[in-house]
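Trainee: have a look; sequence and predicted model below, questions after that.
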Amino acid sequence: MTLPELPLSTPSLLFPAISLLMLAFTNRFLGLAAVVRGLHANWQTTKEPMLLAQIQSLRKRIQIIKHMQTAGVLSLMFCVASTTLLFFKQQTEGQITFGVSLILMLLSLTLSLVEIQMSGTALDLQLRDVKCREK
């Protein structure tokens with residue numbers, strides 16, 4: 001099976017998208033890092049078990065974000081490699097490399113969705129705790 005020729009501009013279209021995703025992922029990471037530091041300081045003074053559970057949950061989310069960032073960076077690297085291969089008229093290799101780049105971007109976005117769901121669940125539990133205390 002032969003694929004249609006992939007123009008040089010096609011992989012280049014992903015550069016801005018990947019860059020914006022990386023910025024968003026980094027912001028999520030920095031936000032979580034600040035929350036962890038605050039919870040850790042609070043836990044050191046109170047030793048409240050709920051805080052430890054929250055820190056452990058945040059640790060999992062940070063690991064997911066690190067994997068998201070890794071997949072995003074690899075996606076960008078494969079995208080650059082694809083553009084380079086296409087520039088040097090290596091059509092088949094450029095197409096394969098671009099396909100790998102797309103798969104890595106899909107992995108990064110999937111991990112992002114998982115982390116967002118975890119974040120939503122954590123916030124919901126926090127709000128339920130507040131609601132229970134009001135009654």
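Mentor: On my side now, so go ahead. Residues are numbered from 1 along each chain as shown.
Trainee: could you list every helix and strand in contact with the host helix or strand of Met50?
Mentor: Remark: Met50 resides in helix 49-87, with elements defined by DSSP states H and E. Helices and strands touching helix 49-87, by 3 or more Cβ pairs under 8 Å, 6 or more residues apart in numbering; DSSP states H and E, are helix 9-12, helix 14-46, helix 91-134. All C-beta atoms are positioned from the backbone trio N, CA, C, and that covers glycine.
Trainee: redo those as a markdown table? Include mean pLDDT.
Mentor: Listed next are the helices and strands packed on helix 49-87 as a markdown table, based on pLDDT from 0 to 100:
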| stretch | mean pLDDT |
| --- | --- |
| helix 9-12 | 90 |
| helix 14-46 | 89 |
| helix 91-134 | 87 |
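Trainee: JSON lines for these, including mean neighbour count and distance to Leu58?
Mentor: Shown next, in JSON lines, are the helices and strands packed on helix 49-87 (neighbours: other Cβ atoms under 10 Å; distance: least, Cβ to Cβ, whole Å):
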{"stretch": "helix 9-12", "mean neighbour count": "16", "distance to Leu58": "35"}
{"stretch": "helix 14-46", "mean neighbour count": "14", "distance to Leu58": "5"}
{"stretch": "helix 91-134", "mean neighbour count": "14", "distance to Leu58": "8"}
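Trainee: out of everything not next to it in sequence, what's closest to the spatially most central residue of the chain?
Mentor: The structure's the chain has its C-alpha centroid closest to Met68; by Cα atoms, centre = their mean the separation is 2.9 Å. Among residues not flanking Met68 along the chain, Leu111 sits closest, at 4.3 Å (Cβ to Cβ, 6 or more residues apart in numbering).
Trainee: before we move on, what about Gly72?
Mentor: Using Cβ to Cβ, 6+ apart, the closest residue to Gly72 is Ser108 (4.4 Å).
Trainee: could you do Glu5 as well?
Mentor: Gln91 (6.1 Å).
Trainee: surely the one you found touches Pro4?
Mentor: No. Contact between Gln91 and Pro4 fails when scored by Cβ atoms under 8 Å: they sit 9.8 Å apart.
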